[in-house]
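**Q** fold the following and give me the result.
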Amino acid sequence: MQNFSFLGNIDQEEPDTLVLRHLRHLTHLGHFDVINWISAPRLETLCLATENLFAWCFISFLRQSSPPLQKLELRGHSPGDSFEDSGMTLIPTLVHLRGLNWDYMSVEDLLIFLAENPHHVPNLQTLQLDRIRGHSYTEMLTTLGDVLWVRRSMLKTVRLTTNPSHMPLPVDPTLFQQFLADGIHIHIGVDDGPNILSQ
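**A** From the prediction side, this is the model:
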């Protein structure tokens with residue numbers, strides 16, 4: 001089995017750890033704790049709904065599996081209060097990171113983590129944060145500039161979009177001109193809307 005989608009919940013209180021040696025792609029949109037009893041040592045793609053996220057479950061899964069994870073999507077919010085302690089330090093192979101429906105403070109925390117720790121997640125090429133919730137984006141965009149500067153040799157695509165019900169991101173295009181000239185594709189705007197940087 002290489003692909004597995006799990007959309008429900010597990011009622012068993014303390015199941016044994018299930019080792020899925022050949023699993024490469026896992027989508028789990030049910031209760032988050034299920035990954036606490038799965039080991040997937042060859043997992044490359046992981047998509048989780050994080051409304052019921054406990055950072056220790058995520059960290060436990062990464063420690064017991066040590067997967068060569070290349071693509072991670074977290075829907076709902078970020079994996080814990082601190083990215084330093086969230087498990088992000090345990091996935092050096094990560095190439096694509098997507099966050100969906102995070103609040104702007106979680107996005108800001110992630111960007112600070114990426115800017116201040118270039119040795120963590122060193123292979124990151126795509127950063128996609130969609131439907132960001134909140135109204136204070138100025139610092140977040142400045143920090144994004146710091147991330148682009150520190151990771152300019154690896155990052156190829158960055159996408160930040162807000163929920164259509166929130167105000168558009170106040171972008172100063174000059175902040176990103178050098179990175180665009182260097183060939184980094186940057187899309188900033190409202191979800192499903194045009195790229196503010198190309199207007």
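
**Q** relative to residue 171, how far out is residue 36?
**A** Distance, residue 36 to residue 171, using Cβ to Cβ, to the nearest Å: 40 Å. The way it works is simple: take the backbone N, C-alpha and C, and place the C-beta from them, glycine included.

**Q** swap in residue 90?
**A** Residue 90 is 33 Å from residue 171, by Cβ to Cβ.

**Q** got it, and residue 46?
**A** Taking Cβ to Cβ, one finds residue 46 at 31 Å from residue 171.

**Q** so between these two, which is more surrounded?
**A** The neighbour count for residue 46 versus residue 171, taken as other Cβ atoms under 10 Å, is higher for residue 46 (25 against 20).

**Q** so that one sits against residue 70, correct?
**A** No: Residue 46 lies out of contact with residue 70 (Cβ atoms under 8 Å); the separation is 9.4 Å.

**Q** how about the strands in this protein?
**A** Assigned by DSSP state E, the strands in the chain fall at 3-6, 18-19, 25-28, 38-39, 45-49, 71-75, 96-100, 126-132, 157-162, 185-190.

**Q** of those, which is nearest residue 63?
**A** Nearest to residue 63 among the strands of the chain is strand 38-39 (9.9 Å), distances taken as Cβ to Cβ.

**Q** now for that closest one, which elements pack on it?
**A** strand 18-19, helix 55-65 (3 or more Cβ pairs under 8 Å, 6 or more residues apart in numbering; DSSP states H and E).

**Q** pairing partners for that strand, with directions?
**A** Applying DSSP bridges, strand 38-39 is found paired with strand 18-19 (parallel).

**Q** from the chain's centre, how far out does the partner strand sit?
**A** 25 Å (Cα atoms, centre = their mean, to the nearest Å).

**Q** need the residues that contact it.
**A** Residues from elsewhere that reach strand 18-19, judged by Cβ atoms under 8 Å, 6 or more residues apart in numbering: 37, 38, 39, 40, 41.

**Q** need the buried ones from those residues selected in PyMOL.
**A** Those of those that count as buried under 16 or more other Cβ atoms under 10 Å are selected in PyMOL with:
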select buried, resi 37+38+39+40
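
**Q** worst mean pLDDT across the helices and strands of the chain, which element?
**A** strand 3-6 (a mean of 50; mean pLDDT, DSSP states H and E).

**Q** of the contacts of strand 18-19, closest to residue 194?
**A** Checking the contacts of strand 18-19 one by one against residue 194 (Cβ to Cβ), the nearest turns out to be residue 40, at 38.6 Å.

**Q** where does the prediction get shaky in this structure?
**A** Scanning the chain for pLDDT under 70 picks out 1-15, 29-33, 51-54, 77-85, 135-136, 166-170, 198-199.

**Q** and residue 185, what does it touch?
**A** With contact set as Cβ under 8 Å, 6+ apart, residue 185 has these partners: 156, 157, 158.
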